[in-house]
Structures are given as structure tokens and as C-alpha cells.
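J.: Sequence unavailable; structure follows:
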């Protein structure tokens, strides 16, 4: 399997792809409705049980590392340099001050990335691509569009292998792939030009094949994989609606009274991301050193 | 009517590619009866693939160009319908196994054509099983097509076509990208199809295989029909084949050499058993 889909038996996996697509849309919407770092953080905490329910905790955390990288950058750089900040919160060495307004701005932005990322990872990892395609077709998305989406998964590994072949062939003709950076960038042309042509030819051939498999035939099409919206999906959708109502209520009536976004929360979340980031760097260095030591030992 | 009795009837077929000066096909005439297998042989660039694609309508509907002449398949004028409609009657297997695969799992690959034909889901499972059984890929349903070997991929492509239940099967060099084991696998499938009474057209360079499996042979060279007839007759004309830079099956070449060296005139057979018997007889006589 070339997609990110991880087949597991869980409540989330058994939901209809359409429900999950609505869920992703809901999360994106909520991340904008909840325009407050504390509420977004809370929302993120509420999403986590779903990840646990989908039995995807480990792959989820691995993919979150990359998003955390963005969060660290945004929170640090914006917190210090964003000009909307007035009230200083705390100062680090060199007279660099984190200011309240800019920290709120940065936190909202980075938590939004994390929240949307969580929903996206949940969707992609728990939905079979073919199911997604057939669900889209049920939403009256043109068949050919759904097919394009699906065949992308199929063609990526093929292109990757062709790229390797082209690269080796060009190396055999004295193409220098280990030179300096400029040389390597220049070398992309002799690799990518044939690769594009090969890919186009393959796609062309595929179009003949599709024609021979009656792809452009008029009339109703059927699909081997069936997706059905059942009571579970309705329950989930009602849950989403309830949550949305609570969010809107919170935002409309309680935003004045409820001020969860304190200096402490902002500072702790900033330091928290730093600490996690620090661990990531340590792990990276540890692995590097390990491979280096291993390499020496091998030699 | 004559054209209703034959599975495939081609008359006066000529084809010109838009950017070419010379016609890719010139005045091709042949016919194939139900249950017969036709082998098309010829040097590279002879127009074999173009001819095959004329029979299911890919030429000139998808691959554009000027076409003259008539092609009837099961009494239907191919150039009046479209390829998608024709695919219910004519299955087409291409040269490269990998390019023919587009789905995530093997069962979905086979189900793809069925889905396009609008076969209800209840019938799909049975037809998928049947098709996979015929090519010997039963039990692989949930795997990715990319994880298969070349021979298996080509068999899968054949299964995907078979599931659509065509009466006529066209194979355009189905084994040229495969290793000997893969070739054997594909030809075993072809043999079983022949036993089931499938009508077929197969393009291949291996004359031994063509002689063994095909009832009729069509020899093409530079877009022109050189020979057409029962395979034994065609392969007996070794001198003509040599002129076209082709050769007959090795046993036939052996008998031909024997005839030339010993100034004899034994029958030019294409089957090994018959050839052995003929040589034995000739040896006893001398």
C-alpha cells in the first residue's frame, strides 16, 4: 500500500468517508471560530481521544513532529518580532522580549495548524483511498476526478522508480550527482526532462487502457467497495453539530467573561513546544552519533 | 450475410497517421472465425499494433488518423460505435503489464472494468473470483498490483479483461516484457482460453509459440499484408519469411535445411512430434 492509509479495526475507520470529510471541514471551521489559544488547546485535547479511538496514536505523534516544527518557529519568531505586541510578558537573553498580543497571535496560528493537522492525519490514516473515491462519486463528483485522485497514489511509486532508473542511466553517462549544490541543481534538468516524458507516455498508455476497460461508457457505474452512512455516522454528525453549537455559544456569550488566555498559559505552551522540540533535536543528534559510531565500528 | 458469420472481418483497411507520409497500414484483408486464434507476426514497425487497435476502435477514435476500409466485429461496424461500447465484445491486453494497472488492490483492479460496465455488486465477487481463477491468481485479492511479478501483473491484466467477458481477446505482445517464466505463465492462460473457445488475436515475435497456439497467421511487413492463412501453410513458405527478415519455428527451419542439404522434399511441419516422425521416416528411407 502506497498511501498513508493504515488499516485497523476501529470506530473511526468504520465511519463513512463522507462523515469524515464533514468532520475535517468542521475542524477547520472550528479552528477559526475558536479564535483563542486556550480554547484551541482545549479543542486539541478533545480531538486526542478520537486519535486513541482510531488506534493511531504512534503514527499520529510521528506525523505531528513535523507540524510542531512549524509551531515552534511561528511561536518563537512571531512572539518576539511581531509588531502588534505591546505588553511584555517575559524576557530572554539579549533583550528579546515576548509580548502578550503577539504571543496570542502566534499561538492561535500554530494551534490552528496543529488542530487542522490532527483532523487531516486522522482522515488520511483511517480512510481507504478507494473508499474516499467512491464516496466522492456519491457526492456527484465526476468519476474522472475521483479516478485522478485515486491514480495519484498508484503513480507516485512508479514515478519514483522511473526517477531512479533515469538517474542511474544519466550517471552512467557521466552526469555528476555528487558535485556542489549549483551543479546538482543544474543536473535536475537532464533527470527531470526524461522523467516527465516517461510519465506522460505512461499516462497516455493508461488512457488507452482505460478506454478499453469501458471507462468512458455512458450510464451508471458500480463499485466493488461500498460505503454506507449508518447510525454510527448519524451519531457522529450529531456530536459534531452539538460541539459546533457549544463553540458558537462560547464565542458569542462567554468570550467576555471567560479569559483563559493568561500569561502563564502562553508562556507554558511556548516553553512546552521548546522542550518537545529540544527532545526531537536530541533524538536526531543521538541517531546521527549512533550511525556515525556504527559506521566507524563497521570500518 | 457473410459478415455475421465471422467473429472478425477486415476488408480493405488502410490507415495514415496524421504526421506521417507513408500509410501505416495498406489494404489489409482478413477474417477470423469464432473459436479461432489469429497470430500476427512481422518486423518491428510493420503496423501490427496499429492493426490490433483498429479492431477494437482505439484507432481511429482515440488515436486519430485517416482510416479507409471496414472492420466488422461480431457483425458490428467497429467505427460506428465507440471503444467503450466495443470493450464489452473485445478485450485488449497491452504490452507493458504495469501501465495497465490503476487500482489499489487486485480485486479492485479486476472490478474496475466491471464497475464501468455497471455490473451490480452482487455479481462482481463471483466474476472476479472466476477471472482470477482462470489466470491462477486466486487468493491474491487483497494485495497491491505493484507487489506482483511481471508475469503475474500481465496475468492480472488478462483477468481484468476476462472479467468483462469479451468474446474476442486481443493481446498486443503480452509477453515481450516478461522473463521466460512469465512468458510460460501467460501462454498457459492463453491455452486454457483457447480450450474455452475464446476467439483471439495475438501479436508476438516468438514464432514457435505462434505456431503452437494459433490457427491462422497473418504476416505484416511495412503496413502490407504479406501472407495470411493457416499457420502450417504460412510457416511452410520459409523463403518468403526469410526475405522479410523473419524466420519459421526452429523445427520447421530444421526440416527446411534437411530438404535443402539432401535435395529432398519432406513436409515442413511446425510441431516437434510430427517433425521427429518425419525425420525418422526420411532416415529409414535413406
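T.: Yes, it's here. Note that the structure is a prediction, hence the values are computed from the model and not measured. Numbering: from 1, shown residues only, chains lettered A, B, ... in the order given.
J.: Burial check on the closest residue to chain B within the stretch 1-150 of chain A, number of neighbours?
T.: Relative to chain B, the nearest point of the stretch 1-150 of chain A is residue A:130 (5.4 Å; CB to the nearest CB). C-beta coordinates here come from the backbone N, C-alpha and C atoms, glycine included. A count of nearby residues for residue A:130, using other CB atoms under 10 Å in any protein chain shown, gives 24.
J.: any idea how far residue A:146 lies from residue A:152?
T.: Distance of residue A:146 to residue A:152, computed by CB to CB, to the nearest Å: 11 Å.
J.: in the stretch 151-299 of chain A, which spans are helices?
T.: Counting by DSSP state H, counting those that start in this stretch, the stretch 151-299 of chain A has helices at residues A:181-186, A:188-212, A:231-249, A:263-298.
J.: likewise the stretch 101-250 of chain B?
T.: Assigned by DSSP H, counting those that start in this stretch, the stretch 101-250 of chain B shows helices spanning B:106-117, B:121-135, B:150-163, B:180-195, B:207-213, B:231-236, B:238-243, B:250-262.
J.: what's the closest of these to chain A?
T.: helix B:106-117 (3.7 Å).
J.: hmm, that closest one in reach of chain A?
T.: Yes: Helix B:106-117 reaches chain A (CB under 8 Å from any CB of the partner chain) through B:107-108, B:111-117.
J.: neighbouring contacts of the helix or strand harbouring residue A:61?
T.: Residue A:61 is part of helix A:57-81 when elements are defined by DSSP states H and E. Contact with helix A:57-81 is made by A:6, A:51, A:85, A:96-99, A:102-103, A:105-107, A:109-111, A:113-114, A:117-118, A:121-122, A:125, A:269-270, A:273-274, A:276-277, A:280, as judged by CB atoms under 8 Å, 6 or more residues apart in numbering or on different chains.
J.: Just give me how far it sits from the chain centre.
T.: On the basis of CA atoms, centre = their mean, to the nearest Å, helix A:57-81 sits 12 Å off its chain's mean C-alpha point.
J.: next structured bit after it?
T.: Using DSSP H and E, the next helix or strand after helix A:57-81 towards the C-terminus is strand A:88-92.
J.: List the buried residues for that next one?
T.: Judged by neighbour count (16 or more other CB atoms under 10 Å in any protein chain shown), strand A:88-92 contains these buried residues: residue A:89.
J.: same thing with stretch B:108-128?
T.: B:108-117, B:119, B:124, B:127-128.
J.: start to end distance for that stretch?
T.: Stretch B:108-128 has its terminal residues 9 Å apart, counting by CA to CA, to the nearest Å.
J.: I'd like the average pLDDT over it.
T.: For stretch B:108-128, the mean per-residue pLDDT is 92.
J.: same check, this time on stretch B:141-157
T.: 90.
J.: List the buried residues for it?
T.: Buried residues in stretch B:141-157 (16+ other CB under 10 Å): B:141, B:143-145, B:148, B:150-157.
J.: And stretch B:229-247, by the same measure?
T.: Buried residues in stretch B:229-247 (16+ other CB under 10 Å): B:231-232, B:234-238, B:241, B:244, B:246.
J.: just the buried residues of stretch B:108-128 now: which is nearest residue B:197?
T.: residue B:127 (18.0 Å; CB to CB).
J.: so that closest one touches residue B:114, yeah?
T.: Yes: the pair residue B:127 / residue B:114 is scored as a contact, 6.1 Å apart, by CB atoms under 8 Å.
J.: shared neighbours of these two, anything?
T.: Common contacts of residue B:127 and residue B:114 (CB under 8 Å, 6+ apart): residue B:163.
J.: I figured residue A:270 was touching residue A:103, is that so?
T.: Yes: contact criterion CB under 8 Å: residue A:270 and residue A:103 qualify, at 6.9 Å.
J.: Have a look at these two and say which one is more surrounded.
T.: Neighbours were counted for residue A:270 and for residue A:103 using other CB under 10 Å; residue A:103 has more, 27 against 22.
J.: What parts of chain A come near chain B?
T.: A:1-3, A:128-130, A:147, A:150-151, A:153-154, A:157-158, A:202, A:205-226.
J.: Now a ChimeraX select for only the buried ones of those.
T.: Selecting the buried subset of the residues of chain A next to chain B in ChimeraX, with 16+ other CB under 10 Å as the burial test, is done by:
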select /A:2,3,128,129,130,147,150,151,153,154,158,202,205,206,208,209,210,211,212,213,214,215,216,217,221,222,223,224,225
